[in-house]
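>>> What would the 3D arrangement of this be:
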Amino acid sequence: MKRSTDRILTTHVGSLVRPPEVLKHIIAKVKHQPVDEEAFARDVRDGVKEVVRKQAEVGIDVPSDGEFSKHSFSGYVTERLAGVETRPVPTPAQQPMNYPILVEEFPEFMAQYNGMYRTMWMPPEIPREGLTNLPREQNVVTGPVSYVGQVAVQQDIANFKAAMEGLQFEEAFIPAATPSVWETAKSEYYSSEEAFLYALADALHEEYKTIVDAGFLVQLDLGLPARNQVLPGKPRPTWEELRRVSEQQIEAYNHALQGIPQDRVRYHLCWGSMNTPHTSDIPLKDIVDLILKINAQAYSIEAANPRHEHEWMVWKDVKLPEGKILIPGIVSHQTNVVEHPELVAWRLKNYASVVGKENVIGGTDCGFSQGWNMIRVHPEVQWAKLSALAEGAKLASNDLWGKN
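Numbering: from 1, shown residues only. Here you go, the predicted structure:
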């Protein structure tokens with residue numbers, strides 16, 4: 001994996017705002033409506049080409065494909081696994097509530113926020129009707145889980161490679177879901193959650209290996225119940241229970257990564273990524289030891305979120321292991337305020353002061369659109385933020401390496 005050997009490199013977390021042409025196909029898929037698969041493939045291919053070009057234009061060193069072929073950062077695996085089916089949830093009351101602690105603490109805010117955030121920045125070309133009350137669904141395991149996404153992942157790789165031709169980047173990454181992504185799934189086949197978790201790990205290993213064999217970095221996204229104070233759909237757990245389940249998940253991650261060089265793996269963790277109070281977030285200092293157990297070379301974490309911005313100081317007391325890289329989120333995806341390049345540079349220099357400049361790559365807190373209906377900022381602002389990240393990285397590099 002490339003390091004910041006003579007300047008601070010820049011990247012992001014993966015998802016970028018999908019163009020309307022791609023969104024219309026994804027929404028049809030989510031609604032179980034007919035989709036012209038050839039047109040979808042064409043629009044994804046064209047969208048990836050344009051989004052990669054824009055990343056080069058604003059100065060991103062390590063780009064992604066924007067996750068344009070996926071309806072969400074994790075839910076896409078439904079289409080790439082055998083042994084799983086999606087069923088409607090009979091009543092909304094049976095669906096676990098997101099962030100129940102925040103709902104308890106800020107009930108009026110959460111009620112209003114949940115009613116608007118999914119469509120706030122939807123492109124005007126996409127009709128709002130029918131986007132907020134879609135039928136609730138649940139993944140159900142009905143047989144042995146295996147990977148059947150070979151064609152889909154190869155198409156992602158082909159689109160990305162074609163889009164990068166003629167452009168200058170340091171390297172590139174493709175995000176992939178973790179084995180813990182379906183901790184709320186119902187199993188009618190496996191006798192235990194652990195058996196299901198390891199079956200997912202074995203299946204997703206094939207996707208990780210395919211990405212790395214194609215010459216890309218693979219980024220595992222999210223996981224770890226200990227990042228929040230609740231496990232979806234279950235009674236509020238103790239801290240010891242959260243730790244125990246998180247450790248079990250990490251063992252499954254590392255099982256899924258067996259045989260994959262550690263220096264081709266990035267791991268991303270954030271605290272739910274919502275534009276909410278975040279008062280229930282577990283402090284980084286309480287879970288940093290868990291994160292460092294994951295067999296990745298680089299760790300991407302939130303750092304621009306005002307609930308976590310101060311946590312660069314955690315690394316004064318916690319030594320980043322030899323050879324590891326930190327990718328702190330230097331710009332936020334949660335606000336349409338564009339960070340000043342000098343603020344970006346200041347944040348980067350804070351991290352460089354505690355882990356070493358060569359061990360820092362500037363990133364974002366999370367993806368700009370983790371799902372088709374989770375667009376965090378207007379796309380114009382997205383590009384302004386990534387441009388500010390690149391400009392700030394140049395300023396920090398000039399100071400850190402003594403350049404004019």
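
>>> need the helices for the stretch 251-400 of the chain, in chain order.
284-291, 314-317, 341-355, 379-400 (DSSP state H, counting those that start in this stretch).

>>> And the longest one, what's buried?
Right, helix 379-400. Residues 379, 381-397, 400 are the ones in helix 379-400 that count as buried (16 or more other CB atoms under 10 Å). C-beta: built from backbone N, CA, C; applies to glycine.

>>> cool, and the first one?
Burial within helix 284-291, assessed by neighbour count using 16+ other CB under 10 Å, is assigned to 284, 287-288, 290-291.

>>> Any regions of the stretch 251-400 of the chain where pLDDT drops low?
In the predicted model, the stretch 251-400 of the chain carries no residue with pLDDT under 70.

>>> The helices of the stretch 251-400 of the chain: which one's closest to C366?
With CB to CB, the closest approach to C366 among those belongs to helix 379-400: 12.2 Å.

>>> now for that closest one, which elements pack on it?
Taking 3 or more CB pairs under 8 Å, 6 or more residues apart in numbering; DSSP states H and E as contact, the helices and strands that helix 379-400 lies on are strand 9-10, helix 37-58, strand 325-331, helix 341-355, strand 361-364.

>>> roughly how far is the first one from the heart of the chain?
Looking back up the chat, that one is strand 9-10. Distance of strand 9-10 from its chain centroid, counting by CA atoms, centre = their mean, to the nearest Å, is 17 Å.

>>> what mean pLDDT would you report for it?
Strand 9-10 shows an average pLDDT of 98 in the prediction.

>>> what about dumping the CA coordinates of the helix or strand just after it to CSV?
On the C-terminal side of strand 9-10, the closest following helix or strand by DSSP states H and E is helix 20-30. Coordinates of the C-alpha atoms in helix 20-30 are reproduced here as CSV (Å, rounded to 0.1, in the frame of the first residue of the first chain):
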residue,chain,number,x,y,z
PRO,A,20,-29.8,10.4,-11.5
GLU,A,21,-29.4,8.0,-14.5
VAL,A,22,-28.0,5.3,-12.1
LEU,A,23,-30.4,6.1,-9.3
LYS,A,24,-33.5,5.6,-11.4
HIS,A,25,-32.4,2.0,-12.1
ILE,A,26,-31.5,1.3,-8.4
ILE,A,27,-34.8,2.7,-7.2
ALA,A,28,-36.7,0.4,-9.6
LYS,A,29,-34.7,-2.6,-8.3
VAL,A,30,-35.5,-1.7,-4.7
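
>>> Just the buried residues of helix 20-30, please?
Of all the residues in helix 20-30, those buried under the rule 16+ other CB under 10 Å are 21-27, 30.

>>> same thing with stretch 31-42?
Neighbour counts over stretch 31-42 (16+ other CB under 10 Å) mark F40 as buried.

>>> Also stretch 44-63?
With burial defined by 16+ other CB under 10 Å, the residues of stretch 44-63 counted as buried are 44-49, 51-52, 54-56, 58, 60-63.

>>> Closest one of those residues to G223?
Distances from G223 to the buried residues of stretch 44-63, taken as CB to CB, are shortest for V62 (21.4 Å).

>>> For the stretch 101-250 of the chain, which segments count as helices?
In order along the chain, the stretch 101-250 of the chain carries the following helices (DSSP H, counting those that start in this stretch): 107-114, 150-164, 193-213, 239-256.

>>> Give me the angle between the longest one and helix 239-256.
If you take axes from the mean of the first three to the mean of the last three CA atoms, to 10 degrees, helix 193-213 sits at 40 degrees to helix 239-256.

>>> Same check on the shortest one?
Helix 107-114 and helix 239-256 are oriented at 20 degrees to each other (the same axes, to 10 degrees).

>>> list the buried ones in helix 107-114?
By neighbour count, and taking 16+ other CB under 10 Å as the criterion, the buried residues in helix 107-114 are 110, 113-114.

>>> Send me it as PDB with only the CA atoms.
Coordinates of each C-alpha in helix 107-114 appear next as PDB, following Å, rounded to 0.1, in the frame of the first residue of the first chain:
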ATOM      1  CA  PRO A 107     -37.400  11.800  20.400                       C
ATOM      2  CA  GLU A 108     -38.700  14.900  18.600                       C
ATOM      3  CA  PHE A 109     -35.500  15.500  16.700                       C
ATOM      4  CA  MET A 110     -35.200  11.900  15.600                       C
ATOM      5  CA  ALA A 111     -38.900  11.700  14.500                       C
ATOM      6  CA  GLN A 112     -38.400  14.800  12.300                       C
ATOM      7  CA  TYR A 113     -35.000  13.800  11.100                       C
ATOM      8  CA  ASN A 114     -36.000  10.200  10.100                       C
END
